[in-house]
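Q: after the sequence you'll find the predicted model.
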Amino acid sequence: MVEDPKQPDENKAQLETLQRDLDEERKRSEEYLTSFKYAQADLENLKRRCDRQIEESRKYANERLIIELLDVADELELAIKSSHKSDTGETLVQGVEMTLKKLTALFKREGVSPIECVGKPFDPSKHDAVARIEKEGVEDCTVVEEVRKGYVMKEKVIRPSIVKVVVKPSSNSQEEMSSDE
């Protein structure tokens, strides 16, 4: 058997071609692996974000119902105030008070609590001002009267308090007072 002198050169060229193809496939494989890892990380981030959104939805799912019940609580409180003034219907008052206590307990179970505002600084994220009362010698922008209770559900304001705010007299009103004297 005679060996062909071209054979080793052809084998060497073929080996180099195979080596080059193998290197290209390794490189492509690494790119695919990197892409897969990024896609996997994106999927995990999406899953976490969806879990947070589901938890947020679950946390405030009853908000619409609670807002409607707040109006009922307002009516009950108004009935109690009215009947205390007229001294009639003591049993009615007791029944309304018991209903209000049950409703308040329901709110508490759902994480709803009233916003404490009288005597506190005005906070536009928690209060809606309907009137300004000018008064000397008071802290500016302090809530002096609550017209309607506001409520928070967990950490979120679901209904702001409607309040009257005290402010220092403006220079125009002071000038009018001094010109009247």
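A: Everything's here; your move.
Q: which residue, neighbours along the chain excluded, lies closest to the residue nearest to the spatial centre of the chain?
A: The geometric centre of the chain, computed from its C-alpha atoms, lies nearest to Lys156 (Cα atoms, centre = their mean), at 4.7 Å. Taking Cβ to Cβ, 6 or more residues apart in numbering as the measure, Lys156 lies nearest to Tyr60, with 6.7 Å between them; neighbours along the chain are not counted. (Glycine included, C-beta is placed from N, CA and C.)
Q: picking that back up, show me the beta-bridge partners of the residue nearest to the centre of the chain.
A: Applying DSSP bridges to Lys156 gives these bridge partners: Met153.
Q: would you mind measuring from it to Ser125?
A: Shown here: Lys156 relative to Ser125, a distance of 10 Å by Cβ to Cβ, to the nearest Å.
Q: tell me where the longest helix sits in this protein.
A: helix 7-59 (DSSP state H).
Q: Glu146 in helix, strand or coil?
A: Per DSSP: H, G, I helix; E, B strand; the rest coil, the secondary structure class of Glu146 is strand.
Q: wouldn't it be in contact with Ile162 here?
A: Yes - counting by Cβ atoms under 8 Å, a contact exists between Glu146 and Ile162, whose distance comes to 7.5 Å.
Q: pLDDT score for Arg52?
A: The model reports Arg52 with a pLDDT of 94.
Q: for the chain, what helix or strand is lowest in average pLDDT?
A: Of all regular secondary-structure elements in the chain, judged by mean pLDDT, DSSP states H and E, the least confident is helix 171-180 with a mean of 49.
Q: can you list the domain ranges for the protein.
A: As assigned by automatic domain parsing, the chain contains the domains 11-59, 63-110, 114-181.
Q: quick revisit: now the residue nearest to the centre of the chain: how far from Leu33?
A: Relative to Leu33, Lys156 is positioned 44 Å away (criterion: Cβ to Cβ).
Q: and for Leu103?
A: Leu103 sits 60 Å away from Leu33 when distances are taken as Cβ to Cβ.
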